[in-house]
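# This is a predicted model, with the sequence first.
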Amino acid sequence: MRLLGVAVTLTTQKTIARILKVNHAGEYGAIRIYRAQLWTARWLQPDLVPFLTETLSHEIDHCRRFRESMGAYKTRPCHAMWLWSTRGWVLGLATALMGRNAVMACTAAVEGKVHRHLDEQIAFLMRVNDPLADLIADIRIQEIEHLEFARARLKETTLSRLIEAFVGIATEGVIWLSTQGAVTRMERGLRRL
Ligand SMILES: [Fe+2]
Ligand SMILES: [Fe+2]
């Protein structure tokens, strides 16, 4: 089979479609987190408003770019977008109400996970010579900026460590639930390659 002019196997095509689906859903989850934090920060952490506004605009753009790529890969958004929407909003709101350091812990945890996943995806897509690697590599530049901003401001406390651990488990849980484990199995496979 040929996709975007590149010969791919059916398994590879399925893997690429899953990468797109989970990335698009993840960006949507990030939009919901940053929207909730921005909504609260206007009153509680006004100095974070410029960072949150810019980061939200990046996530909206990433989500749009992944959505626009779906047609070429013959895939559609994940069926459980509501899960990403509600969990993202609750996580964003809860951390914003806990204060500035909790917002930074949440950002560091989310963006850290994103960064690790994108690295694995790029390595796989480069091996199969798929142009989606370039899009992900471009998006990763801004994800690293988000991660570095949060890491530079995060003060390590028991609460921040708990938030980071919780966000890590919750993110993997939503990925598993929304894809019935397919993406988790796929990522284990990518790491073994
Ligand atoms: Fe993003
Ligand atoms: Fe991000």
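Received, thanks. Ligands and ions are numbered 1, 2, ... in the order given.
# how many neighbours does the closest residue to ligand 2 within the chain have?
Going by C-beta to the ion, ligand 2 is nearest to His146 of the chain, at 4.0 Å. To be clear about C-beta, it is placed using only N, CA and C from the backbone, and glycine gets the same treatment. Neighbour count for His146, taken as other C-beta atoms under 10 Å: 23.
# Enumerate the residues of this structure near ligand 2.
For the chain, the contact set with ligand 2 under C-beta under 5 Å from the ion comprises Glu143, His146.
# Which residue does the chain have closest to ligand 1?
Counting by C-beta to the ion, the chain gets nearest ligand 1 through His62, at 3.7 Å.
# Is it correct that that residue is in contact with Gln142?
Yes - contact criterion C-beta atoms under 8 Å: His62 and Gln142 qualify, at 7.4 Å.
# near ligand 1, which residues of the protein?
Checking the chain against ligand 1 by C-beta under 5 Å from the ion, the hits are Glu27, Glu59, His62.
# SS state for the first one?
Of the three states, Glu27 takes helix according to DSSP: H, G, I helix; E, B strand; the rest coil.
# Could you check which helix or strand contains the nearest residue to it once chain neighbours are set aside?
Spatial nearest neighbour of Glu27, excluding adjacent residues (C-beta to C-beta, 6 or more residues apart in numbering): Cys63 at 3.7 Å. Per DSSP states H and E: Cys63 is located in helix 49-70.
# If you count neighbours, what's buried in that helix?
Residues 51-52, 55-56, 58-60, 62-63, 65-67, 69 are the ones in helix 49-70 that count as buried (16 or more other C-beta atoms under 10 Å).
# Ala108 is in contact with Arg151, isn't it?
Yes - counting by C-beta under 8 Å, Ala108 touches Arg151, with 5.4 Å between them.
# who's more crowded, those two?
Counted by other C-beta under 10 Å, Ala108 and Arg151 do not tie: Ala108 has more neighbours, with 23 against 13.
# Secondary structure element for the more buried one, which one?
Short version, using DSSP H and E: Ala108 is in helix 100-127.
# Please tell me how far that helix is from the chain's geometric centre.
7 Å (C-alpha atoms, centre = their mean, to the nearest Å).
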